[in-house]
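Trainee: sharing a sequence plus its predicted fold:
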Amino acid sequence: MTVAVQLHPELRKWVEERLARYPTRRSLLVPTLMQAQKYHDYASPGLMQAVGELLEVPASEVMSVASFYTLIPKHPVGKHVIQVCHNVSCYLRGCDEVIAHLEERLGCKVGETTEDGKFTLVTVECLAACGSAPVMMVDEKLYENVRPEMVEQILAEAD
Amino acid sequence: MTEQTKVVMRLDGVGDVHRLDVYEANGGYRALRKALAEMKPEEVIEEVKKSGLRGKGGAGFPAGVKWSFVPKDYPGPKYLACNADEGEPGTFKDRWILENNPHEMIEGCIICAYAVGLSHIYVYCRGEFYEGKRRIEQAAQEAYVKGYLGDNILGSGFSTHLTVHTGAGSYECGEETALLTSLEGGRGHPRIKPPFPASEGAWGMPTVVNNVETLATVPAVIANGAEWHAGMGTEKSKGIKMVCVSGHVERPGIYEVEFGVPISGIICDLAGGVWQGRKLKGYFPGGSSTPVLPPEKAELPYDYESIAEAGSMLGSGAIIAFDEETDVVRMAEVIARFYAWESCGKCTPCREGTRWMLQIYERILKGGGRKEDLDILLSICDNLEFRSLCPFGDAAVGVVRSTINLYRDEYEEYIREHKVYRRKFVPVRH
């Protein structure tokens, strides 16, 4: 059963302001699903249906598109999302130790959310900051040359 | 001693270059003024052609030639898609441009739009570049206010607009046709070519797709002239390249050099050599998609042709060096996991092949490798390469084949001894 979602008025406004920049309404689909995260918890079926109505795209198509992109959460996530790069340059410079330390400190595994709902821990592919590997992001902020002993400070900053 | 030749990075170290007033005070937008006031659009294309400027996203296709493929008298809108979806592992130069020198790229975009007659510029920026997106948006707003963007630019009668478009986490969207599909609001699937984007691109209209670094080089080419640019580099690889060096080196970072300098010079003189006094075991010359080369091949000149002749590719300009203590099988698994996860799934050989290869790597690292596994991996490579719509499948093959060829004994040791790799964390199975 899909729970109906009312789009946040700010999100509607954001979309309306940008429609003239594209030849089709659908072009705004991916940016809208990204922007929606500022106002809605995650891309729930109800939210995707509402976005589909606004952009004149069938809900099934919205879900198909949303399912393709990793930055669009299709399930509830924690208050903060921690993305740690586990690709080659970060691997060569010790990201595995950082990830292991995060798992221990947060008490949850990669792909999980802490019990208090504060943090979701995920591993991601290259964040294009390999010159300062290993790197991780907490929400929109990038942390570079991360060592396990820096984790405490990084988590405190997010909270 | 290998030295840098800074062109796109010439203002590195000058503070606040992302601000329009600082960029202008350092010669910014002079190339655009020159193009609009002194050159006809076709003369700009001719100049870029003569300069030998090649696309810096990976393919190395001559930019001016690409521009000239766009039909001149097309009866509808034409677009520029600036590819800021930097995602090739090992590459981080476009991030630098977006965050530190956004106006240089915007100026290049406007010059390109003027030369080819493009009415709208879409900067397709990867979703994770939050700071980069903010910087480009701010810079574009400044450019609008100053009359560099919008209607009747600097009184020339030429008009073009710029929109920053965000991606949402997908490596495949850096491929030009997948980027266009994503821009139109779809899953990031590539399209069959031809038709090429220059004739049928975004929303079916002629579209130029160029990388951030390519466009950011254009102002210098126009300001200094084609001969100046063509005078740098080698006969076929002209000009300069921002090289991203990462992995086991003392000073990872971006170094802008003329094509043709020795690769060992980039690794040793500029990046400080292999870290901790260790020896080089091998390196990727152009990102994770390019076959690994052994240390003996570090003396090569850094240009498209020499690296191709050695059996690899210059790619997006990402040198990833690894030292003698690297577990090559685990390193290859890291990359195999990346390709398995990021394959868009449109073409069967790539979707199934990348996943199958990852499964074999996983069982080898668990101590359950079988003696036929290396042959199976190589056979999957043969059945994957050149069998998909975009180069993703070919890219996924490079690391597997090259590391089996160069470090076969390490693979065989894992299999023969049932050696188990001790994981520090368990990767998520997608």
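Mentor: Nice, thanks for sending it over.
Trainee: what count of nearby residues applies to residue 83?
Mentor: Let's take chain A. By the other C-beta atoms under 10 Å in any protein chain shown criterion, the neighbourhood of A:Gln83 contains 22 residues. (C-beta placed from N, C-alpha, C; glycine too.)
Trainee: hm, I was asking about chain B
Mentor: 26.
Trainee: who does the helix or strand hosting it touch, helix- and strand-wise?
Mentor: Using DSSP states H and E, B:Asn83 falls within strand B:79-84. Helices and strands touching strand B:79-84, as assessed by 3 or more C-beta pairs under 8 Å, 6 or more residues apart in numbering or on different chains; DSSP states H and E, comprise helix B:102-116, strand B:120-125, helix B:176-183, strand B:207-211, helix B:212-224.
Trainee: where in chain A is pLDDT low?
Mentor: Along chain A, the model assigns pLDDT under 70 to no residue.
Trainee: for A:His86, see how far away the closest residue to A:Pro31 other than its chain neighbours is.
Mentor: Setting aside the residues directly before and after it, A:Pro31 is nearest to B:Thr166 in space (C-beta to C-beta, 6 or more residues apart in numbering or on different chains), at 5.0 Å. Using C-beta to C-beta, to the nearest Å, one gets 23 Å for the distance from B:Thr166 to A:His86.
Trainee: what does B:Tyr339 give?
Mentor: For B:Tyr339 relative to A:His86 (C-beta to C-beta), the value is 14 Å.
Trainee: same thing with B:Ile360?
Mentor: Going from B:Ile360 to A:His86 by C-beta to C-beta gives 19 Å.
Trainee: ok, B:Glu333 next?
Mentor: Taking C-beta to C-beta as the measure, B:Glu333 falls 11 Å from A:His86.
Trainee: OK, contacts around the closest residue to B:Glu86 other than its chain neighbours?
Mentor: The spatially closest residue to B:Glu86, leaving aside those adjacent along the chain, is B:Asp94, at 4.0 Å (C-beta to C-beta, 6+ apart). Contacts here follow C-beta atoms under 8 Å, 6 or more residues apart in numbering or on different chains; on that basis B:Asp94 touches A:128, B:84, B:86, B:211-213.
Trainee: pick out the residue nearest the middle of chain A.
Mentor: A:Leu71 (4.0 Å; C-alpha atoms, centre = their mean).
Trainee: that residue: what secondary structure?
Mentor: Three states are possible here, and by DSSP: H, G, I helix; E, B strand; the rest coil the one that applies to A:Leu71 is coil.
Trainee: and the residue nearest to it when sequence neighbours are not counted, how many neighbours does it have?
Mentor: Counting by C-beta to C-beta, 6+ apart, A:Leu71 lies nearest to B:Gly169, which is 3.6 Å off, once chain neighbours are set aside. Taking other C-beta under 10 Å as the neighbour definition, B:Gly169 ends up with a count of 21.
Trainee: so who does B:Leu378 touch?
Mentor: Residues near B:Leu378 by C-beta under 8 Å, 6+ apart: B:400-401, B:404.
Trainee: and the helices in the stretch 1-150 of chain B, which stretches?
Mentor: If you assign secondary structure with DSSP state H, counting those that start in this stretch, the helices in the stretch 1-150 of chain B sit at B:20-25, B:30-38, B:41-51, B:63-68, B:93-100, B:102-116, B:130-145.
Trainee: which helices and strands does the last one pack with?
Mentor: With contacts defined as 3+ C-beta pairs under 8 Å, 6+ apart, helix B:130-145 has these neighbours: helix B:20-25, helix B:93-100, helix B:102-116, strand B:120-125, strand B:161-166.
Trainee: highest mean neighbour count out of the ones you listed?
Mentor: Ranked by mean neighbour count under mean count of other C-beta atoms under 10 Å in any protein chain shown, the helices and strands packed on helix B:130-145 are led by helix B:102-116, which reaches a mean of 27.
Trainee: quick one: mean pLDDT for it?
Mentor: Computed over helix B:102-116, the mean pLDDT rounds to 98.
Trainee: kindly report the same for stretch B:60-74.
Mentor: Taken as a whole, stretch B:60-74 carries a mean pLDDT of 96.
Trainee: also stretch B:346-361?
Mentor: When the per-residue pLDDT values of stretch B:346-361 are averaged, the result is 97.
Trainee: next, the buried residues of it.
Mentor: Across stretch B:346-361, burial judged by 16 or more other C-beta atoms under 10 Å in any protein chain shown covers B:346-347, B:349-358, B:360-361.
Trainee: on the three-state scheme, B:Lys236 is what?
Mentor: Classification of B:Lys236 using three-state DSSP returns coil.
Trainee: I figured it hits B:Ile307, correct?
Mentor: No: the pair B:Lys236 / B:Ile307 is not scored as a contact, 11.8 Å apart, by C-beta atoms under 8 Å.
Trainee: when those two are compared, which one has more neighbours?
Mentor: Taking other C-beta under 10 Å, B:Lys236 and B:Ile307 do not tie; B:Ile307 has more neighbours (23 against 14).
Trainee: just checking, the more buried one touches B:Gly317?
Mentor: No: contact criterion C-beta under 8 Å: B:Ile307 and B:Gly317 do not qualify, at 10.6 Å.
Trainee: what do the two both touch?
Mentor: B:Gly286.
Trainee: before we move on, the earlier item: got the helices of the stretch 1-150 of chain B as CSV, with distance to B:Glu417 columns?
Mentor: Putting the helices of the stretch 1-150 of chain B into CSV (distance: least, C-beta to C-beta, whole Å) gives the following:
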stretch, distance to B:Glu417
helix B:20-25, 59
helix B:30-38, 61
helix B:41-51, 55
helix B:63-68, 51
helix B:93-100, 41
helix B:102-116, 51
helix B:130-145, 46
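Trainee: out of the ones you listed, the one nearest A:Gln37 is which?
Mentor: Judged by C-beta to C-beta, the one of the helices of the stretch 1-150 of chain B that comes nearest to A:Gln37 is helix B:130-145, at 11.7 Å.
Trainee: now that closest one: buried residues?
Mentor: In helix B:130-145, residues buried by neighbour count (16+ other C-beta under 10 Å) are B:132-137, B:139-140, B:142-143.
Trainee: same check on stretch B:219-230?
Mentor: Residues B:219-223, B:226, B:229-230 are the ones in stretch B:219-230 that count as buried (16+ other C-beta under 10 Å).
Trainee: contacting residues for residue 72?
Mentor: All of this is about chain A. The neighbourhood of A:Ile72, defined by C-beta under 8 Å, 6+ apart, consists of A:30, A:33-34, A:37, A:43, A:66, B:168-169.
Trainee: my bad, the chain I had in mind was chain B
Mentor: Going by C-beta under 8 Å, 6+ apart, B:Lys72 touches B:Gly117.
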